[in-house]
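Visitor: need coordinates for the below:
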Amino acid sequence: MKYDQIPNSLFIKNRKKFMDRMHSKSIAVFNSNDIYPISADSVLPFEQHRDIFYLSGADQEETILVLYPDSINKNNREILFVRETNDHIAVWEGEKLTKEKATEISGIQNIQWLKDFDKVFFDLMTEAETIYFNTNEHYRQAVETETREDRFIKKYKQQFPAHRVAKSNPILQEIRGIKEPEELELMQTACNITEKGFRRLLGFVKPGVMEYEIEAELIHEFVSNCSKGFAYPPIIASGNNANVLHYLENNRPCNNGDLILMDVAAEYANYSSDLTRTIPVNGKFTKRQKEVYNAVLRVKDDATKMLVPGTLWAEYHKECGKLMTSELLGLGLLDKADVQNENPDWPAYKKYFMHGTSHHIGLNTHDYGALKTPMEANMVFTVEPGIYIPAENMGIRLEDDVVIQEKGEPFNLMANIPIKADEIEELMNK
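Guide: Numbering: from 1, shown residues only. Below you'll find the predicted structure:
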């Protein structure tokens, strides 16, 4: 791994939080992700399933975590199964986790080879009455591929039909949303790497540069600072490309007079950052561009102040809509009749701001976290309003990542990343 080893105290705490919420005489199983093929003998770079990483720190394929807090044998209350290595694997693929290293990373004392899983698991299941399956219930999930978790669930439902079934996801949604200090530190590192990439761009961008050249500058800076790279596919959208919310081609020239919307950020140790900035290609905003830019910035700043303990996610987004409506009226993009006659299910402001303002962020860019209960301290949210005006060849979005505090306004993990229009112009024209 490129990142420094994470203290296993984090994973010990995370497992305790999970096990404290399990039913009595229950067992929970978490599988690593598959390695996904491209074609022939090519595969995608491995990405660990975030749930098993959150609970163990194991960042290796073919790994299984078993949690059974009521096991008669105390040694079996936490077991990590890893792929047994050999000299051939070491030569062709590199070192894999030894049992000793797996304990050092995870804090789990009982490390077993994966080949022994079925035998050990059968013995544990003769004691247990309930099994927790780790289904994907994220509110944005749309996965069609059968995962390693899916295959596990099919197999063991058939093998143990008399056991009760429970879901891991509600527990994970609850506990993963509230970050531990170690997690906040890792996320701050990801944000700091993102800052270095963004500052690099401010001296690089000029008329005629290609969007993909900007992407190349960013990946160079991110990887040079111990990141695997982008936390999500980078959006580098100049001119009207910014009005395609998930524009990913990054293959157009950046023209004089246009803006570039860049939704780009680094990961670190599997933790995401999520940044959006919009800058002028030639280093100078026009009067109209700056008017719209500052309107978006005001919405972002005011929306951020509402992220406090007790806030309800759905109500927060309604209030953000009111903030945006006011700004769009001021910009002349809406008039009072538009607002008076709006459809409550699709308010007038949605013509120019059609996405949400905030989402949880952490091990996933759109992370787990409770959305129907009041917000709590140490939840981390993005704040990302935007105004998109195809008729004026511009789309502007601004985004930071913030940590909810016990009292007062959130802590901005991206406070050091330039955002004010005047500062952007000054840095671009040095």
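Visitor: and stretch 242-253, how far apart are its ends?
Guide: Its first and final residues considered, stretch 242-253 spans 13 Å by CA to CA, to the nearest Å.
Visitor: what average pLDDT does it get?
Guide: For stretch 242-253, mean pLDDT is 96.
Visitor: how far off centre is that stretch?
Guide: 21 Å (CA atoms, centre = their mean, to the nearest Å).
Visitor: in that stretch, what's buried?
Guide: By 16 or more other CB atoms under 10 Å, the buried positions in stretch 242-253 come out as 242-243, 247, 250, 252. Placement of C-beta: from N, CA and C, glycine included.
Visitor: try stretch 196-205
Guide: 196-198, 200-202, 205.
Visitor: residue 375: which of the buried residues of stretch 242-253 is nearest?
Guide: Checking the buried residues of stretch 242-253 against residue 375 by CB to CB gives residue 242 as the nearest, at 29.7 Å.
Visitor: circling back to that earlier point, secondary structure, distance to residue 288 and pLDDT for the buried residues of stretch 196-205 - can I get that in TSV?
Guide: Below are these laid out as TSV (DSSP: H, G, I helix; E, B strand; the rest coil; distance: CB to CB, whole Å; pLDDT from 0 to 100):
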residue	secondary structure	distance to residue 288	pLDDT
196	helix	31	98
197	helix	28	98
198	helix	24	98
200	helix	28	97
201	helix	23	96
202	helix	22	97
205	coil	20	98
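Visitor: and the furthest pair within the buried residues of stretch 242-253?
Guide: Spanning the widest gap among those are 243 and 250, at 15.2 Å by CB to CB.
Visitor: can you give me the end-to-end distance of stretch 67-82?
Guide: Using CA to CA, the two ends of stretch 67-82 sit 15 Å apart.
Visitor: give me the contacts around the helix or strand containing residue 119.
Guide: Here residue 119 sits within helix 117-125, counting by DSSP states H and E. Helix 117-125 has contacts (CB atoms under 8 Å, 6 or more residues apart in numbering) with 27, 29, 64, 66, 68, 71, 76, 79, 81, 112, 131, 160, 163.
Visitor: I figured the third one hits residue 31, correct?
Guide: Translated: residue 64. Yes - using CB atoms under 8 Å, residue 64 is in contact with residue 31, at 5.6 Å.
Visitor: please enumerate the shared neighbours of these two.
Guide: Shared contacts of residue 64 and residue 31, counting by CB under 8 Å, 6+ apart, come down to residue 52.
Visitor: about what we covered before: and the helix holding residue 119, what's its mean pLDDT?
Guide: 97.
Visitor: the stretch 51-200 of the chain: helices as residue ranges?
Guide: Remark: helices assigned in the stretch 51-200 of the chain by DSSP state H, counting those that start in this stretch are 87-92, 99-106, 117-125, 148-159, 169-176, 181-202.
Visitor: returning to what we had before: turn the contacts of helix 117-125 into a markdown table, including neighbour count and distance to residue 38.
Guide: Shown next, in a markdown table, are these (neighbours: other CB atoms under 10 Å; distance: CB to CB, whole Å):
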| residue | neighbour count | distance to residue 38 |
| --- | --- | --- |
| 27 | 25 | 35 |
| 29 | 24 | 29 |
| 64 | 22 | 25 |
| 66 | 22 | 32 |
| 68 | 24 | 37 |
| 71 | 19 | 41 |
| 76 | 17 | 39 |
| 79 | 23 | 33 |
| 81 | 25 | 27 |
| 112 | 20 | 32 |
| 131 | 22 | 34 |
| 160 | 16 | 35 |
| 163 | 16 | 38 |
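Visitor: now, which of those lie within strands?
Guide: 27, 29, 64, 66, 79, 81, 112, 131 (DSSP state E).
Visitor: the residue lying closest to the second one once chain neighbours are set aside bridge partners, please.
Guide: When you say that, I think you mean residue 29. Nearest residue to residue 29 in three dimensions, chain neighbours excluded: residue 66, at 5.6 Å (CB to CB, 6 or more residues apart in numbering). When bridges are taken as DSSP bridges, the partners of residue 66 come out as residue 29, residue 79.
Visitor: what lies in contact with stretch 127-141?
Guide: 22-23, 25-31, 51, 68, 70-72, 125, 143, 147, 149, 152-153, 156, 160, 163-173, 364, 366, 368, 371.
Visitor: now list the buried members of these.
Guide: Neighbour-count burial (16+ other CB under 10 Å) applied to the contacts of stretch 127-141 gives 22, 26-31, 51, 68, 71, 125, 147, 149, 152-153, 156, 160, 163, 166, 168-169, 171-173, 364, 366, 368.
Visitor: hmm, back to that, I'd assumed residue 78 was in contact with the residue nearest to residue 29.
Guide: Yes - contact criterion CB under 8 Å: residue 66 and residue 78 qualify, at 7.5 Å.
Visitor: do you know how far residue 34 is from residue 404?
Guide: Distance, residue 34 to residue 404, by CB to CB, to the nearest Å: 35 Å.
Visitor: same drill for the two, tell me which one is more crowded.
Guide: In this view residue 34 and residue 404 are compared by other CB atoms under 10 Å, and residue 404 has more residues nearby, 22 against 19.
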